[in-house]
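Student: Need the 3D shape of this:
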Amino acid sequence: MKASVREAQTYRCVSRRELDLHVLKNASGLAIEILPHGGLHAIRFGDLMINQWLAHPLEQALTRLALRVFSGNGMAVYPLVGPGIVATVTGGSHAVTWQMTRDQIEVSVTLGIDDTHPLWFWKVDVCNNGKADVVADVIMGQDIALASEGAVRNNEAYTCHYIDHRMEEDASCGPVILSRQNQDQNGTYPLLMTGCLEGAASWSTDGFQFFGKGQVRTGEPEAYRKQTLPSQVLQYEIAYPAHQSRQVPVPAGGGTATRTFFAGLQPDHPAPTSRQDLEALEFIQSRLSIWHARETTVRLGTGTHISPYQTVPPLDPVSLEREQVEKIWPIRRHEEQDGKGNLLSFFTDEHTHVVLPAKEMLVDRPHGHVLRSHYEHV
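Tutor: Residues are numbered from 1 along each chain as shown. A predicted model of the protein is given here:
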């Protein structure tokens, strides 16, 4: 039977200049681009793209920052940045601050960059105005590429295969992740160092560890509900250094706590990473007070640029019974089943590939893709 032919359609995407980005930048060439909804669009250093995925106004970036509060009622998770986060947002040329209240917990999140070096911080300040003492920790994750934008956007997974991750333990910061791009980038080998200044309790290096397969159905990273991150190096297809801070008590009646995450770029690191690279931590800690003293006085918005794409939960499909499949697709080819004979996927007589929810939850890579040929077209 002849396959049906569908008419191709072209859709226009907004260009970068239309995104209304707020840009933090310094003399080193570091630039962090923030979308109006508070999501991180890109981290750049000259021609180098530090992050991996360019977010857009309709959805989140891969950057994740979440506060977890432990009390007698269990654990509550509060995402702190990105679309759907209702917050007062202020910013200048070197810092942006999100301020919000979550169940009597006041939270202030500041993303700041150093004046002269490719170095930035995420600082989370918490104040407990409730009547019960709580314990808190913060989880931070960032996708990275450390390559030219053309190379990254041509094949993100390929770029990640060449990023080598190494963990070194520091007496104060705990586990520190060293991520080096081993593929030549115009004669350089960029290195990114990440960690938590007050000390990390656990860590991971790839998005598959952090988000997990459950993200497909819940829309929430699996890391948020686990006691700790796996603390194992995985060099796979989503380079994603992540840190869980050490827990800290936050007393009732105005008790406070702070957790600060850092990322420092060394534009060219010709030698493989080693423990000697931790010597840079002293310099990083010395720069913290410089940007922290800056005032962020320009009001950017209320953090309420919300679309249905940000608030509607992911579709949780209901598995079809065998009889339903038979009725809808009586002619099937190349059926795939699990070890118990349950149907996972098949092709129709029109050459359509049908994947059932059971298979989607088994495989690492989701089915279905949107290909972009240019910034402005799909």
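
Student: Give the other helices and strands that the lengthiest strand in the chain contacts.
Tutor: Longest strand of the chain, by residue count under DSSP state E: strand 255-266. Under the contact definition 3 or more C-beta pairs under 8 Å, 6 or more residues apart in numbering; DSSP states H and E, strand 255-266 sits against strand 119-128, strand 134-141, strand 191-196, strand 239-245, strand 248-250, helix 280-292. Using the backbone N, CA and C atoms, a C-beta is placed for each residue, glycine as well.

Student: show me where the stretch 201-350 of the chain has strands.
Tutor: 239-245, 248-250, 255-266, 298-301, 332-337, 343-348 (DSSP state E, counting those that start in this stretch).

Student: weakest of the ones you listed by average pLDDT?
Tutor: Of all these, mean pLDDT reaches its minimum on strand 298-301 (a mean of 51).

Student: helices and strands of this protein: which one bottoms out on pLDDT?
Tutor: strand 298-301 (a mean of 51; mean pLDDT, DSSP states H and E).

Student: Now stretch 149-160: average pLDDT?
Tutor: Rounded mean pLDDT across stretch 149-160 is 92.

Student: Convert that stretch to CSV, retaining C-alpha atoms only.
Tutor: Taking Å, rounded to 0.1, in the frame of the first residue of the first chain, the C-alpha atoms of stretch 149-160 are listed here in CSV:
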residue,chain,number,x,y,z
GLU,A,149,27.6,27.2,19.3
GLY,A,150,27.7,25.7,15.8
ALA,A,151,29.2,22.5,17.1
VAL,A,152,26.9,22.3,20.0
ARG,A,153,23.6,22.9,18.1
ASN,A,154,24.7,20.5,15.3
ASN,A,155,24.9,17.6,17.8
GLU,A,156,24.6,18.2,21.6
ALA,A,157,25.1,14.5,22.5
TYR,A,158,28.3,14.2,20.4
THR,A,159,29.7,17.3,22.1
CYS,A,160,29.0,15.8,25.5
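
Student: Out of the helices and strands packed on strand 255-266, indicate the one that is most buried.
Tutor: Of all the helices and strands packed on strand 255-266, strand 239-245 has the most neighbours on average by mean count of other C-beta atoms under 10 Å, namely a mean of 27.

Student: Each with direction, which strands does that strand pair with?
Tutor: When sheet partners are counted by DSSP bridges, strand 239-245 sits next to strand 134-141 (antiparallel), strand 200-206 (antiparallel).

Student: still on that earlier bit, want to throw the helices and strands packed on strand 255-266 into CSV with distance to Gln52?
Tutor: Converted to CSV, those look like this (distance: least, C-beta to C-beta, whole Å):
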stretch, distance to Gln52
strand 119-128, 16
strand 134-141, 12
strand 191-196, 12
strand 239-245, 7
strand 248-250, 30
helix 280-292, 23
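
Student: and of the ones you listed, who's closest to Arg322?
Tutor: Nearest to Arg322 among the helices and strands packed on strand 255-266 is strand 239-245 (38.3 Å), distances taken as C-beta to C-beta.

Student: gap between the closest residue to Tyr240 other than its chain neighbours and Asp20?
Tutor: Distance criterion C-beta to C-beta, 6 or more residues apart in numbering; nearest residue to Tyr240, sequence neighbours excluded, is Gly207 at 3.9 Å. Distance of Gly207 to Asp20, given as C-beta to C-beta, to the nearest Å: 27 Å.

Student: neighbour count winner among the two?
Tutor: Gly207 (25 against 11; other C-beta atoms under 10 Å).

Student: and the gap between that one and Gly150?
Tutor: 22 Å.

Student: and if you look at Gln181?
Tutor: As for Gln181, its distance to Gly150 is 14 Å (criterion: C-beta to C-beta).

Student: Give me the nearest residue to Met361, chain neighbours excluded.
Tutor: For Met361, ignoring the flanking residues on the chain, the nearest one in space by C-beta to C-beta, 6+ apart is Lys213 at 5.7 Å.

Student: And for Leu234?
Tutor: Asp206 (4.0 Å).

Student: cool, and Ser172?
Tutor: Gly199 is the one closest to Ser172 (C-beta to C-beta, 6+ apart), at 6.6 Å.

Student: What does the pLDDT read for that neighbour?
Tutor: Per-residue pLDDT puts Gly199 at 98.

Student: is it true that it touches Val176?
Tutor: No. With contact defined as C-beta atoms under 8 Å, Gly199 does not reach Val176; the gap is 10.4 Å.

Student: Compare the two (neighbour count), which wins?
Tutor: Using other C-beta under 10 Å as the criterion, Gly199 and Val176 rank with Val176 on top: 26 against 17.

Student: Name the spans of the chain whose pLDDT lies under the cut-off.
Tutor: Applying pLDDT under 70 to the chain flags residues 1-13, 82-84, 290-311, 369-378.

Student: How are the helices of it distributed by residue range?
Tutor: Secondary structure of the chain by DSSP state H: the helices cover 149-154, 156-161, 207-211, 215-218, 280-292, 308-311, 322-328, 357-360.

Student: Show me how far the first one is from its chain's centre.
Tutor: Mean-position distance between helix 149-154 and its chain equals 18 Å (C-alpha atoms, centre = their mean, to the nearest Å).

Student: ditto for the fifth one
Tutor: For helix 280-292, the distance between its averaged C-alpha position and the chain's averaged C-alpha position is 24 Å (C-alpha atoms, centre = their mean).

Student: Return the distance of the residue nearest to Pro251 when sequence neighbours are not counted relative to Ala257.
Tutor: The shortest distance from Pro251 to any non-neighbouring residue, by C-beta to C-beta, 6+ apart, is to Asp133 (5.2 Å). Distance of Asp133 to Ala257, given as C-beta to C-beta: 12 Å.

Student: Now the common contact residues for these two.
Tutor: 249-250 (C-beta atoms under 8 Å, 6 or more residues apart in numbering).

Student: okay, the two: which has more neighbours?
Tutor: Applying other C-beta under 10 Å to Asp133 and Ala257 shows that Ala257 carries more neighbours, namely 22 against 14.
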